[in-house]
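*Asks:* sequence first, predicted coordinates after that:
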Amino acid sequence: MSERLESLAQGLLALLTTTISAIGATLVGLGRAARRAWMLLLALVLIGGSGYELITHPPFKTLEPGEVGIRSNKLTGGTTEIKDGLVVVIPGLHELRRYSLLDQVYRPVRSSKANGEAPFQSIEGLSLGVDLTIRYAIDPSRLAAIAAKLPADINGEIVEPMVQGVIYKSFTRYSVRDIFSTQRGEIQKEIENELKPKLAADGIILRGVQMGQVDLPPEYRQGMEKLLAEELETEKMKYTLELKSKHVKQTELEAEADKVKREKSAEAAGNEQIIAAKAQEEAMKHVLPFKQKQIEQRQYEAEAEKVSRIKTAEGSAEARRIEATGEADSRHKLADVEAYRLETIGKVTSAQLERDGALISKNPLLIQKTMADKLSDKISVIIAAPPANGGFIGSALLGGGQAVASQNPQANAAQETQQ
Amino acid sequence: MMLAALALVAIVTQDSAALRAAPRESAQQQAVLWQGDSLEVRGEKMDYLQVYDHRRERGGYIRASQVRTQSLEPKDAPDLLAVVRFLRDTPGAEALGISYAAAYLKAAPAEAIGPEPFDALGTMAERLARRASAKRGKTDDAVLAAHLEVASSYGIGMQGFERDGRIQLCYNGEAFRRVLAMKSDDGQRARAALALTRPECVDPNLTPTDRNSLDAWRGDILDRVQLTNLPEYQKNRLRLRRAGVWASIAFERARQRQPVQEAANRALQELAGVNKEEIAEPDAAAYTDAAVRVAASRWAAEPEPATGSGLAVVTMPGEAGETCVTLVDAKHDQKNPLFKRCTYGLVWKASASVNAQQTALALAVQPLDSWRELWVFHQGEKGWTIDILPPAANTPDIGYLEFAGWVPGSTKMLAVREARVDGRFKRSFEVIRMDTMDVEKQADNPRSLSLFYRWQDPAWKRGTLSMR
């Protein structure tokens, strides 16, 4: 800051000196003006000229933010580093050089296309273009020391040759395939590592190297694309297969899940059935005691019925027995009565027969009369041969002799009695 | 004449018609034909037609009076349809009607065929199946078997299930499915839906999962019929069917721990929507059937009550599908319950009813979709015990036993029991002694029992379906 004030004071002092000397000259001139009016005119022209000069070429410069100025004194040969802001630069005495501290970018355009001006070469000797971006910045700490040595065009005179020297060499160590796809990061790192110290020596800090699009040689590109397409196919197939296997797996899992689900639902259905069956069994179990009770009830009823029937049968048998006894007694009595009756009748008949016998003995013709009486309503005419012995004409009918005839009245009498 | 006959088909109209080897009554009999058998006419001889029976692969002669010859030209289709219309509602002529319907479907051009022949075909096939399932004499067996065979030769599929020791035959409903798929009128749709959703045609051996999907399908089919233009008795039939189906759906949903109220309410609404004045006589049994089914799962419509401080039941899951019921009160919590019992049935906590002395609690438990038991927890001398009362002492089928009230100051309770026993529904209002669980008195009307009339529970009276 003091340096800056000092330079400002110096500037102002110089300006004052110049002005005073000019004014003094003018005053001297005025004194003589009366005499020499043209001298006045000259002085005015001079003042105007210097004024114009001051306005058109002011002894101040302004440094933008991010810029650093190196002012060198032509008289003393010393340099002063000035950061952004106002800086006094006396024309003819000072010289100011500006350096931007912002990051700079360098893109080697000539080598960005395979068919460009200066393509890179791969290890196979194929030309290829790479879109490179090198980002760098001037080291502000070393700027004051090296400013004198730095060329005006840092990009073209330091960075570009150095970068090219490194990248061309680097790319020749790799195949196109490496550069194109697999080794990108490595190449980038390698370039960075090689370039960094080299640029640092010149007070330049390498921020980074970016590799952009790689432009392949057309024939290689075609082959590569074909290859890639095939690889892609292979990859696709791989993924397809993977997908298929996953699909199979999924189906398997789904089937498994379905199976489990079915098993579960079958199990649930089975359980339901078991529960329903148990409920039914339970209901039946509750019915059974009542059924049992019903059966017992019926058994008791049957038992009672049996007892009642037996009792009835017994009663009826007893009654019959009593009836039979009564009947037997009654028959016995009846038989006795009959026997008595028969006996009495027999006696009566015997007596009658006796009486009849006696009567017939007395009157034998009574038999014939009786017979004739009996036959009289049935037989009108009896033709009989006259007995040979001149006896009773009915003797042949009566069957014989007197003995028979003598018995017959008795039998007839008995028959009559019975009738 | 011969040439004209060749384009004809002969449909046998009489049962036991003889196919003979020659056109003579004395000729050897080749086969016995039944009404509905169709024969290819190959010639005519005297009073006989020379025919070929493709089903039996046999040719012969049949008396011309025993068959009707029909041409299968498109122009004859209306005539055939007229015969189908005539035979549709003629009992005993199902095989013949099916045969004519088949002839019509063959003769009529595709674009002219509407839902009517399918409706008729289904109606006749269903009636044939019903006839075959009904109890009958042995003389009918041969005829029915032959008619079924004729029907099956026209592609009428029958399914058979064993139920109550008998075979139940059901038409598989192919024709009715077509009716539903076509642009049919409401009456046809109603008939088709009713035929496809008959409860007796649900295979009793279905697994619960299949049963669930079948019931969902039945509900869907019934919902597709518009009731607006139907006669009242048919509306009733559909409502009854819907009520039964939705009751089953409610039970199945409850089993799967899904929201159940909507389905149960739907069942109740459908039953309530039935116009009792217009129930046709054959539907009386269906009405009772539907009412018992809905009554069995009616508690599904009630929200679960909050447990109070007194005697109450708390449920918790036991083993898979099992629910454990614990009886708790103010002094005994769930960890130290008064009584615990586990069941595979559905426990309707909303039905729990406690007597005034806090010594008994009645609870409805439903083990099957149409079978609800009554559990009675009661305090005896030896502590708490449980008695489980089934609706009937037969194989669990259709029925419910419902708590109807406590008789104060005694160990008696009121209950109503309704169940199907030997194919007939029986309903009785009972007074049950709680110490022996014996029925002390019973009547078919609550008014006939003074105890019942006096002490019935108002909540029961409000919700029961036994007083329908």
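*Replies:* Nice, I can see it.

*Asks:* what secondary structure does residue 149 sit in?
*Replies:* Going with chain A. A:Lys149 falls in the coil class when you classify it by DSSP: H, G, I helix; E, B strand; the rest coil.

*Asks:* ok, it - how many residues close by?
*Replies:* The number of residues packed around A:Lys149, counting by other Cβ atoms under 10 Å in any protein chain shown, is 8. Every C-beta, even on glycine, is put in place using the N, C-alpha and C of the backbone.

*Asks:* so the closest residue to chain A within chain B is in which element?
*Replies:* Closest residue of chain B to chain A, Cβ to the nearest Cβ: B:Gly321 (3.3 Å). Of the helices and strands defined by DSSP states H and E, none includes B:Gly321.

*Asks:* OK, contacts around it?
*Replies:* For B:Gly321, the set of contacting residues under the criterion of Cβ atoms under 8 Å, 6 or more residues apart in numbering or on different chains consists of A:271-272, A:274-275, A:278, B:344.

*Asks:* out of these, list just those in helices.
*Replies:* A:271-272, A:274-275, A:278 (DSSP state H).

*Asks:* out of those residues, who's near chain B?
*Replies:* Filtering the ones in helices among the contacts of B:Gly321 for proximity to chain B by Cβ under 8 Å from any Cβ of the partner chain leaves A:271-272, A:274-275, A:278.

*Asks:* related to what we said a few turns ago, just the buried members of the contacts of B:Gly321?
*Replies:* Among those, those classed as buried by 16 or more other Cβ atoms under 10 Å in any protein chain shown are A:272, A:275, A:278, B:344.

*Asks:* per-residue confidence for the first one?
*Replies:* Note for A:Glu272: predicted pLDDT of 87.

*Asks:* the last one too?
*Replies:* Reading off the per-residue confidence, B:Tyr344 sits at a pLDDT of 92.

*Asks:* and for the second one?
*Replies:* On the pLDDT scale, A:Ile275 is placed at 89.

*Asks:* and it, what does it touch?
*Replies:* Residues in contact with A:Ile275, defined by Cβ under 8 Å, 6+ apart, are B:208, B:255, B:320-322, B:344.

*Asks:* can you name the two of those residues that are farthest apart?
*Replies:* Using Cβ to Cβ, the two most remote members of the contacts of A:Ile275 are B:Pro208 and B:Glu322, lying 15.4 Å apart.

*Asks:* more neighbours: these two, which one.
*Replies:* Neighbour comparison, B:Pro208 and B:Glu322: the larger count goes to B:Pro208, with 21 against 16 (by other Cβ under 10 Å).

*Asks:* get me the contact residues on chain A for chain B.
*Replies:* So far as Cβ under 8 Å from any Cβ goes, chain A lies against chain B at A:265, A:268-269, A:271-276, A:278-280, A:282-284, A:286-287, A:290-291, A:293-294.

*Asks:* selection in ChimeraX covering whichever of these are buried, please.
*Replies:* Filtering these down to the buried ones (16+ other Cβ under 10 Å) takes a single ChimeraX command:
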select /A:272,273,275,276,278,279,280,282,283,286,287,290
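
*Asks:* give the contact list for B:Arg433.
*Replies:* B:411-412, B:440.

*Asks:* so what's it bridging to?
*Replies:* When assigned by DSSP bridges, B:Arg433 has beta-bridge partners B:Lys412.

*Asks:* what are the boundaries of the strands in chain A?
*Replies:* All strands of chain A, identified by DSSP state E, fall at A:60-63, A:67-73, A:79-82, A:85-88, A:94-100, A:104-106, A:120-121, A:127-138, A:204-215.

*Asks:* so what does the helix or strand containing B:Phe118 touch, helix or strand wise?
*Replies:* Assignment of secondary structure by DSSP H and E places B:Phe118 within helix B:115-133. Helices and strands touching helix B:115-133, by 3 or more Cβ pairs under 8 Å, 6 or more residues apart in numbering or on different chains; DSSP states H and E, are helix B:77-88, helix B:94-107, helix B:138-153, strand B:158-163, strand B:166-171, helix B:174-181, helix B:186-196.
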